[in-house]
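S.K.: From the sequence below, what's the structure:
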Amino acid sequence: MQVVSVQMRDFRTYARAEASLGAGLTVVHGPNGAGKSNLLEAIYYGCTGRSPRTRNEREVIRFGAGATRVVVRLHDGTRPHELSVGYGWGGARAVKRMTCDGAPVERLLDVEHRPLVSVFAPDRLELIKGPPALRRAHLDQLVAAIWPLRSVDRSAYGRVLAQRNALIGRIRTGRASSATLGAWDHELAQKGLAVGANRAAAVKLLAEPFADRAARLGSGVPVSLRYRPGAGAHDEQEFVAELSSRLSADLERGYTGYGPHRDELAIVREERELRSYGSQGEQRLALLALLLAERALLARERDRVPLMLLDDVMSELDGDRRELLAGELRAGGQSVIATTDLAHVPGASEEAVARLRVGAGTILREAIAA
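M.R.: Alright, predicted model coming up:
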């Protein structure tokens, strides 16, 4: 699935703008503050219905405007498609409308004609050094990308977990009996085992390409992925027994303390987690290796290469690592790199590379000089 163009109206610093992407590598360049990051954000927003930078969706609306709209035009090799996301305020409440080929949809993430998208940006380092919940969510997104039909397992587990936690709250206040937990424990075990199996399978597939990319990016010492389950049970009976044995602790704390909602995806170097002991440079390389490994994995397992959006990645890489990254990106699929200096992107002047210059709310596609 190729992203042909993105059209923005009142998105961040853009009043009205459109950008056409190349079939392979597109380089977005311009000075700091010109709108490069905003363009990458708009591409992601139009493909997923979400911002990779903020949970407060009002922030994507241009200052002084009441609504924003992003339209992404695609081509699947046979025919064109169009995704659109509109967001604004209707009276006192937010109104959001998303469509695929003109038909309303609840979630763009569930749309068949949607490109997979991967983002590298400075604030995404939280995926490496932030709380485990971020890595669990990222791992669940990878599971959904590899095996779309399994995406329901995590949401089903979340619903049952919420019900059990609510019941624990009622038991604590004397409004329910602990005997009523039995049915929820069995259902939580069934859903939890599915979530854990999905995550473990994804990490098993990802571990080798991750270690390979980390080594090629020059980590020096081997870096590996470790899946650390929050539930070590192997079957439903064992899972339920663990829940029962921990009931007193659950009642004391007020929530369920056992299950895949306590999982951790650890990135380890010399038996020490990069989250706590890695330098920022090591964490950046680990994030880049993770995203490149996922790209390779999805190309192999799904025959789909995610569109990769890279913001300010080249400036902190040396020449060899820039060449290696550029080679990975040229190997297939679409990529968009934002940079302040074209010289930082190997091959940026090649004819096959699309170049976009941004500034003052405008986007200009540049021709390669003969």
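
S.K.: Stretch 333-353: end-to-end distance?
M.R.: 13 Å (CA to CA, to the nearest Å).

S.K.: average pLDDT across it?
M.R.: The average pLDDT for stretch 333-353 rounds to 93.

S.K.: Show me the contact partners of that stretch.
M.R.: Defining contact as CB atoms under 8 Å, 6 or more residues apart in numbering, one finds that stretch 333-353 is touched by 2-3, 21-32, 36-37, 39-40, 43, 115, 295, 299, 305-315, 322-323, 326, 329-330, 355, 368. All C-beta spots, glycine's among them, are computed from the backbone N, C-alpha and C.

S.K.: Residue 9: which element?
M.R.: strand 2-11 (DSSP states H and E).

S.K.: in that strand, what counts as buried?
M.R.: 2, 3, 6, 7, 8, 9, 10, 11 (16 or more other CB atoms under 10 Å).

S.K.: and it, what does it pack onto?
M.R.: Here strand 2-11 touches strand 14-20, helix 36-48, strand 67-75, going by 3 or more CB pairs under 8 Å, 6 or more residues apart in numbering; DSSP states H and E.

S.K.: Out of these, which one sits most buried?
M.R.: Across the helices and strands packed on strand 2-11, averaging neighbours per residue (mean count of other CB atoms under 10 Å) puts helix 36-48 on top, at a mean of 25.

S.K.: Render the CA-only coordinates of that helix in CSV, please.
M.R.: Output of helix 36-48 as CSV, limited to C-alpha atoms (Å, rounded to 0.1, in the frame of the first residue of the first chain):
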residue,chain,number,x,y,z
LYS,A,36,8.7,19.2,9.1
SER,A,37,7.5,17.3,12.2
ASN,A,38,4.0,18.6,11.7
LEU,A,39,4.0,17.1,8.2
LEU,A,40,5.1,13.7,9.5
GLU,A,41,2.5,13.9,12.2
ALA,A,42,-0.2,14.7,9.6
ILE,A,43,0.8,11.6,7.6
TYR,A,44,0.5,9.4,10.7
TYR,A,45,-2.7,11.1,11.8
GLY,A,46,-4.4,10.6,8.4
CYS,A,47,-3.3,6.9,8.2
THR,A,48,-4.3,5.9,11.8
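
S.K.: So which elements touch the longest helix anywhere in the chain?
M.R.: Using DSSP state H, we find that the single longest helix of the chain is helix 181-216. Helices and strands touching helix 181-216, by 3+ CB pairs under 8 Å, 6+ apart, are helix 132-146, helix 151-172, strand 223-228, helix 236-245, helix 280-302.

S.K.: want to throw the ones you listed into TSV with mean pLDDT, distance to residue 89 and mean neighbour count?
M.R.: As requested, the helices and strands packed on helix 181-216 are exported to TSV (pLDDT from 0 to 100; distance: least, CB to CB, whole Å; neighbours: other CB atoms under 10 Å):
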stretch	mean pLDDT	distance to residue 89	mean neighbour count
helix 132-146	96	28	19
helix 151-172	96	28	17
strand 223-228	96	42	18
helix 236-245	97	44	16
helix 280-302	94	34	20
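
S.K.: Among the buried residues of strand 2-11, give me the pair with the biggest separation.
M.R.: 2 and 10 (26.0 Å; CB to CB).

S.K.: follow-up on the earlier one: dump the helices and strands packed on helix 181-216 to CSV, plus distance to residue 101.
M.R.: Shown next, in CSV, are those (distance: least, CB to CB, whole Å):
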stretch, distance to residue 101
helix 132-146, 21
helix 151-172, 22
strand 223-228, 38
helix 236-245, 42
helix 280-302, 22
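
S.K.: re earlier: of the helices and strands packed on strand 2-11, which is nearest residue 94?
M.R.: Closest to residue 94 of the helices and strands packed on strand 2-11, according to CB to CB: strand 67-75, at 9.7 Å.

S.K.: Name the residues that touch stretch 68-85?
M.R.: 1-11, 42-43, 45-47, 49, 60-62, 86-88, 96-102, 108, 111, 113-115.

S.K.: my bad, should have said stretch 223-231
M.R.: The contact list for stretch 223-231, computed with CB under 8 Å, 6+ apart, reads 192-193, 196, 199-200, 203, 206-207, 210-211, 214-215, 239, 242, 258-269, 274, 286, 289.

S.K.: can you list the domain ranges for the protein.
M.R.: Domain segmentation of the chain under automatic domain parsing yields 1-115+306-370, 124-303.

S.K.: how about low-confidence regions in this protein?
M.R.: 219, 367-370 (pLDDT under 70).

S.K.: Apply 80 and report the result again.
M.R.: For the chain, residues meeting the criterion pLDDT under 80 lie at 90-92, 113, 218-220, 366-370.
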